[in-house]
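Visitor: Okay, sequence plus prediction incoming.
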Amino acid sequence: MIAKTFEKFNYITVTICVLLLLGISIYYSTLEIKWSFFESQILNVLIIFTSFLLTSYSIDTVSRQLTVERSGRNALHLILYPLVILSYPIESVDLRFIISSALIFSAWRNYRIFLETNRDDRRIKRLLDTSLLLSLSVFLILDNILLFIIPVLVYFTANIKKDVKHVILLTITPLVFVSSVYIFLEFFSQESYLFSSFLIGDDFTFLSKPVFSLTQAPFALVCCYYLIAVIAKISRGSSLQRRSLDLAGIFFFFTPFIILSFQENSSGSEYHYFSLILVYFIAQIFSKKINSSIVNFIFISIIASIIIFKFLV
């Protein structure tokens, strides 16, 4: 049923995805809001929904339009993304993580297009967008500045024509932009509200060992499918550039995952940083012609685990 419905990218599949994301946004607005720009529930719904749509658009570009297996394109990632969100063990809503993750994924989308584009003017534009979007994510969470390491490393390992302008856009531009905004906000004593740190904050405390609960079962199942997809993808031969991109995605998943596993005061909103990585890799399973029964089993198992462990138990 699911495999047949999302076999093609069309208005029906997009509408289902949008309605699901809207429903999740409304559900999030009923939870405790740990951090937000506004107190209005309607505005919070709009911000969350817009962030979800931006992330979904980035996922679609990376998973469907830029994937190597272009002959196996489908729209299964559209239904997979809302299910991945529902699998997160979220207890309260911190809009910093939801908004910044959307900005990061949009930056990665532009960076992927930069790697695929040959025209120099378009490459400059995409790289500038990448730097600015990542810089905006730094305004919300200062620790996001570490993410600039990933595009820099990928740039020097990718099989593309190198240019000093590209290096300047990836390094100097964000430094000037971020520092200028910080100085401006500091003048009005507002820098602590935006430039907050997750790793250095007062709420960040490490546990001696990770603690798991039943509400984490759906996310654990999604992670199992992710690991299967990673093993399957690595076992297939690919170019150096493609391999470096995949390794960057794997690194981006496991590093924060280890940190979150041992963190005591997690709201659950931090898990949104995994959205693109999880959907991208799991969607690779569906890029090949596989039995529709397997596809349906994967989705039904995720849906069943969400219903049982998050709403019934």
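Guide: Done, it's in. Residues are numbered from 1 along each chain as shown.

Visitor: Could you tell me how far the top helix by length along the chain lies from the centre of the chain?
Guide: Ranked by number of residues, the top helix in the chain under DSSP state H is helix 164-187. In terms of Cα atoms, centre = their mean, to the nearest Å, the centre of helix 164-187 is set 23 Å apart from its chain centre.

Visitor: Now that helix: buried residues?
Guide: Neighbour-count burial for helix 164-187, counted by 16 or more other Cβ atoms under 10 Å, picks out His166, Leu169, Leu170, Thr173, Pro174, Phe177, Val178, Val181, Tyr182, Leu185. All C-beta atoms are positioned from the backbone trio N, CA, C, and that covers glycine.

Visitor: Save the residues you listed as JSON lines, and put in distance to Ile90 and pLDDT too.
Guide: Compiled in JSON lines, the buried residues of helix 164-187 are given as follows (distance: Cβ to Cβ, whole Å; pLDDT from 0 to 100):
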{"residue": "His166", "distance to Ile90": "38", "pLDDT": "88"}
{"residue": "Leu169", "distance to Ile90": "35", "pLDDT": "89"}
{"residue": "Leu170", "distance to Ile90": "33", "pLDDT": "88"}
{"residue": "Thr173", "distance to Ile90": "34", "pLDDT": "86"}
{"residue": "Pro174", "distance to Ile90": "30", "pLDDT": "86"}
{"residue": "Phe177", "distance to Ile90": "31", "pLDDT": "87"}
{"residue": "Val178", "distance to Ile90": "29", "pLDDT": "85"}
{"residue": "Val181", "distance to Ile90": "29", "pLDDT": "84"}
{"residue": "Tyr182", "distance to Ile90": "30", "pLDDT": "81"}
{"residue": "Leu185", "distance to Ile90": "29", "pLDDT": "79"}
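
Visitor: Which stretches in the stretch 51-200 of the chain count as helices?
Guide: 76-87, 95-116, 120-140, 149-157, 164-187, 191-194 (DSSP state H, counting those that start in this stretch).

Visitor: and Ser267, which of those is closest to it?
Guide: Nearest to Ser267 among those is helix 95-116 (7.8 Å), distances taken as Cβ to Cβ.

Visitor: How many neighbouring residues does Gln216 have?
Guide: By the criterion of other Cβ atoms under 10 Å, Gln216 has 20 neighbours.

Visitor: thinking again about what came up before, give me the packing partners of the longest helix of the chain, helices and strands only.
Guide: The contact analysis (3 or more Cβ pairs under 8 Å, 6 or more residues apart in numbering; DSSP states H and E) places helix 164-187 against helix 120-140, helix 149-157, helix 191-194.

Visitor: I figured Trp213 hits Pro89, correct?
Guide: Careful, residue 213 is Ser and not Trp. Yes - counting by Cβ atoms under 8 Å, Ser213 touches Pro89, with 7.0 Å between them.

Visitor: who has more neighbours, the two?
Guide: Shown here are Ser213 and Pro89; by other Cβ under 10 Å, Pro89 has more neighbours (20 against 9).

Visitor: Just confirm the more buried one contacts Cys223, I think it does.
Guide: No - applying Cβ under 8 Å as the test, Pro89 and Cys223 come out as separate, 11.7 Å apart.

Visitor: Now render the buried residues of helix 164-187 as CSV, adding distance to Phe299.
Guide: CSV is the format used below for the buried residues of helix 164-187 (distance: Cβ to Cβ, whole Å):
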residue, distance to Phe299
His166, 40
Leu169, 40
Leu170, 38
Thr173, 41
Pro174, 39
Phe177, 41
Val178, 41
Val181, 42
Tyr182, 44
Leu185, 45
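
Visitor: if I look at the residue lying closest to Ser36 once chain neighbours are set aside, how far off is Ile228?
Guide: Using Cβ to Cβ, 6 or more residues apart in numbering and skipping residues adjacent in sequence, the residue nearest Ser36 is Leu95, 4.7 Å away. Using Cβ to Cβ, to the nearest Å, one gets 32 Å for the distance from Leu95 to Ile228.
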